[in-house]
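Trainee: Turn this into a structure:
(2 chains)
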Amino acid sequence: MRFLRLLPVLLLMLMASSSALAQSPTYGVGRTPTAEEIRAWDISISPTGEELPPGRGTPVEGALVYQRKRCGGCHGPEGEGARADRLVKRDGGSDADPWAWGRVLPIRAPYATVVWDYINRGMPLNREGTLTADEVYALTAYLLYINDVIAEDEVLDAQSLPQIEMPNRDTFARVPDWEPGMPRLLGYPY
Amino acid sequence: MGSKRPNRRGFLKGGAALAGGLTLGAVEPVRGQTPRSEALDFIKGSDELIAYGERSRFVTSVRIAHPPGSRPSPDEFGLVFHVAAPLQDSVGVITPSSLHFVGTTRGSFIPDIDPREHRLMIHGMVDRPLTFTMEELKRLPSVTRTHFIECAGNSSRPDRRTAQETHGMTSCAEWTGVPLSVLLEEAGVKDGAPWIVCEGTEEVKGSSSIPMAKAMEDCLVAYGMNGEALRPQQGFPLRLMVPGFEGIFHTKYLRRIKVVDRYYMTYNDYGHLTQDSDAAALGYQIGPKSVITFPSGGQELPGRGFYEISGLAWSGGGAIRRVEVSTDGGRNWSDAEIKGTAYRMAHTRFGFSWNWDGTETELRSRCTDELGQVQPSRAQVAEFFEVPLGPSFRVPGRDNSIQPWRVASDGSVHNAIS
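Mentor: Coordinates of the predicted model:
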């Protein structure tokens, strides 16, 4: 009987030790990348901005980069009216509801880090990865400025960019905490 | 011998006229039983045909741009350019690799990757960051599983005519690769790391946030598809499979997995943002869904009589447990036959015997998955959310609603969504 009462504890101990075992490599296949290799590949940017590289940029500098890199060729000289996605919010929406401004990256994104990340990884088309960190900060600043998120004299860098309070910061719904065997939505029969 | 030729031609002509090539089983096996080689046409042999075979010139089923009428390839501006699979011509559950739907941000611009140069890096909140070559990945224990992938935009509308236009942004293939859990355990995930972000080599680079629970449950780092290497349009040489989650999670050209401490709100994540938590939940894991592929919109029945209604059912919640068919617009429902094994998160073929009396009617199918989730009609969803039903009604999250097909008395089949 005493053993039976201890059984759950023993089982827990067993499970703990087996999960500890699972943490050591089983196959020994693969190579350890150097810190430099990881730095070169890791372009993910957290909402906290922890991976942001050194650099800085202002809206005025960003306007010049926008011209120099011919962003307007696809996005329009003022960020609208061309073949690629518009970059400036639509008029007519209430200032209180950012969702009325359209699905425009620099205004819909809940964190300024998303804007930085997208420009850094995706632009300019066919020349991705050619922008310097300063240029990405400057373009981000310019796009946030023309969407009335930051002032004309604001300087964006690794410290200030994650601090920007985006209009959409708290208005999007969280995705559910997924677990195996979970229905899509509790209480929803379909 | 030559006198037998007209017989054979007459036989072929009769067969084609009978069903437009749709119901070969119904062709009477009277003539043409003995081999008569001098009467046959031959396909001219070639090195190409020996090396990598091709289908009959009489089989012309092809993919189309999606949505219908969208701009043709190549699209050089990074706008969404998708390609839909011809589900109306499908048999069984496997979509041939050449006909598998394609979702991309770059249309015809596909990374051309030398697999000898390709690497997969796993890093972030792990004990041992690791880099794998393709050769190394293939040394690890593999699994082979059948799974569908469905694009978030796969929704039917009144103006879409065929099953390809209404449902062609889903496909199903046999995928081979290494369970992601094997790779993550090899790297040693640190306690409490709740998310991963995955990245490919194309310009937006995938990079959706994926919950660790899903990563450890059944995700797959796949290099094989339908018995051969992945196609470039499917992420050659390596892609992530996230069974049952919407297509955008299935990162192509996979090169980096970072274990992270929070939802990363990447571009892909952001693009699917919504204000409504119900819609967010319903847009995450794909719901139970089915479609009748024969008879379906744009096809024609040659006349009254027997037909096996055939279709596909799938769910992101697991295996399909039940498929029902209605041949009277939803008044009466009967169980369809599930053909073969219903795999988890895989297209499942169903069939239903039907004698058409030649009068106008409406065909529907609905499925139930292993979680008990039932495919709804558009009306049921509208009623649940207490919103008006009309042609412009959009099912919240991913559209998994019942597809009605109207069979007119002349045998033509039409989309009956209204």
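Trainee: Distance of the residue positioned nearest the centre of chain A relative to residue A:140?
Mentor: With distances taken as CA atoms, centre = their mean, the residue of chain A nearest its centroid is residue A:114 (3.4 Å). Using CB to CB, to the nearest Å, residue A:114 is found at 10 Å from residue A:140. C-beta: built from backbone N, CA, C; applies to glycine.
Trainee: Ok, residue B:225 next?
Mentor: According to CB to CB, residue B:225 and residue A:140 sit 38 Å apart.
Trainee: Neighbour count: these two, which is higher?
Mentor: Per other CB atoms under 10 Å in any protein chain shown, whichever of residue B:225 and residue A:140 has more neighbours is residue A:140, with 27 against 23.
Trainee: Could you tell me the model confidence score at that one?
Mentor: At residue A:140, the model reports a pLDDT of 98.
Trainee: who touches the strand or helix carrying it?
Mentor: With secondary structure defined by DSSP states H and E, residue A:140 is part of helix A:133-146. Under the criterion CB atoms under 8 Å, 6 or more residues apart in numbering or on different chains, residues A:53-66, A:69, A:71, A:78-79, A:87-88, A:105-106, A:112, A:115-116, A:119-120, A:123, A:131, A:150-152, A:154-157, A:161, A:164 lie in contact with helix A:133-146.
Trainee: again with stretch B:405-413
Mentor: Stretch B:405-413 has contacts (CB under 8 Å, 6+ apart) with B:292, B:295-303, B:356, B:358-364, B:414-416.
Trainee: which residues touch residue B:320?
Mentor: By CB under 8 Å, 6+ apart, residue B:320 lies in contact with B:288, B:290, B:313-314, B:338, B:342, B:348, B:367-370.
Trainee: now do 7 Å
Mentor: By CB atoms under 7 Å, 6 or more residues apart in numbering or on different chains, the contact set of residue B:320 is B:313-314, B:338, B:342, B:348, B:367, B:369.
Trainee: which of the contacts of stretch B:405-413 count as buried?
Mentor: B:292, B:295-299, B:301, B:356, B:361-364, B:414-416 (16 or more other CB atoms under 10 Å in any protein chain shown).
Trainee: Show me where chain A dips below the pLDDT cut-off.
Mentor: Counting by pLDDT under 70, chain A contains low-confidence residues at A:1-23, A:92-96.
Trainee: what ranges do the helices span in chain A?
Mentor: Assigned by DSSP state H, the helices in chain A fall at A:2-21, A:35-41, A:59-68, A:72-75, A:105-108, A:112-122, A:133-146.
Trainee: Ok, which of these comes nearest residue B:245?
Mentor: Among the helices of chain A, helix A:112-122 comes nearest to residue B:245, with 20.5 Å by CB to CB.
Trainee: Contacts made by that closest one with the rest, please.
Mentor: Here helix A:112-122 has contacts from A:43, A:45-47, A:49, A:105-106, A:109, A:128, A:131, A:136, A:139-140, A:143-144, A:161-162, A:164, A:166, B:203-205, B:265-267, B:270, using CB under 7 Å, 6+ apart.
Trainee: quick check, nearest of the buried ones among the contacts of stretch B:405-413 to residue B:90?
Mentor: Ranked by distance to residue B:90 (CB to CB), those are led by residue B:296 at 10.3 Å.
Trainee: excluding its backbone neighbours, what's nearest the closest one?
Mentor: Spatial nearest neighbour of residue B:296, chain neighbours left out: residue B:163 (4.1 Å); criterion: CB to CB, 6 or more residues apart in numbering or on different chains.
Trainee: ok so, going back, from the contacts of stretch B:405-413, which land in strands?
Mentor: B:292, B:356, B:361-364, B:414-415 (DSSP state E).
Trainee: Filter the contacts of helix A:133-146 down to just the buried residues.
Mentor: Among the contacts of helix A:133-146, those buried by neighbour count (16+ other CB under 10 Å) are A:53, A:55-59, A:61-63, A:65-66, A:69, A:71, A:79, A:87-88, A:105-106, A:112, A:115-116, A:119-120, A:123, A:131, A:150, A:154-157, A:161, A:164.
Trainee: quick one: secondary structure of residue B:50?
Mentor: Here residue B:50 is recorded as helix under DSSP: H, G, I helix; E, B strand; the rest coil.
Trainee: measure it to chain A for me?
Mentor: 36 Å (CB to the nearest CB, to the nearest Å).
Trainee: what does residue B:240 give?
Mentor: Noted for residue B:240: a distance of 15 Å to chain A, by CB to the nearest CB.
Trainee: Next up, the contacts around that residue.
Mentor: By CB under 7 Å, 6+ apart, the contact list for residue B:240 reads B:198, B:219, B:221, B:250-251, B:254.
Trainee: What about those, which are in strands?
Mentor: B:198, B:221.
Trainee: Please identify the one among the contacts of residue B:240 that lies nearest to chain A.
Mentor: Nearest to chain A, judged by CB to the nearest CB, of these is residue B:198 at 9.9 Å.
Trainee: That closest one contacts residue B:215, correct?
Mentor: No. Between residue B:198 and residue B:215 there is no contact under CB atoms under 7 Å: 8.9 Å.
Trainee: residues near residue A:32, how many?
Mentor: Residues near residue A:32, counting by other CB under 10 Å, number 11.
Trainee: do you know how far it is from chain B?
Mentor: The gap separating residue A:32 from chain B is 6 Å, by CB to the nearest CB.
Trainee: Wait, that residue touches residue B:128, no?
Mentor: Yes. Look at residue A:32 against residue B:128 with CB under 7 Å: they come within range, at 6.4 Å.
Trainee: what sits in contact with each of those two?
Mentor: With CB under 7 Å, 6+ apart applied, the contact sets of residue A:32 and residue B:128 do not overlap.
Trainee: Which strands or helices does the helix or strand harbouring residue B:209 pack on?
Mentor: In the assignment (DSSP H and E), residue B:209 maps to strand B:206-211. On a contact count with 3 or more CB pairs under 7 Å, 6 or more residues apart in numbering or on different chains; DSSP states H and E, strand B:206-211 meets strand B:195-199, helix B:267-271.
Trainee: The first one close to chain A?
Mentor: Which is strand B:195-199. Yes. Counting by CB under 7 Å from any CB of the partner chain, chain A is contacted by strand B:195-199 at residue B:197.
Trainee: Run the chain-centre distance for that strand.
Mentor: 24 Å (CA atoms, centre = their mean, to the nearest Å).
Trainee: repeat for stretch B:224-233
Mentor: Between the centre of stretch B:224-233 and the centre of its chain there are 15 Å (CA atoms, centre = their mean).
Trainee: mind exporting that stretch as CSV, just the C-alpha atoms?
Mentor: Extracted in CSV, the C-alpha atoms of stretch B:224-233 (Å, rounded to 0.1, in the frame of the first residue of the first chain):
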residue,chain,number,x,y,z
GLY,B,224,10.6,14.0,-50.1
MET,B,225,7.3,14.3,-51.8
ASN,B,226,5.3,11.5,-53.5
GLY,B,227,8.4,9.3,-53.7
GLU,B,228,10.9,11.7,-55.0
ALA,B,229,12.6,15.0,-54.0
LEU,B,230,10.4,18.0,-53.3
ARG,B,231,9.6,20.1,-56.4
PRO,B,232,11.1,23.6,-56.4
GLN,B,233,7.6,25.1,-56.3
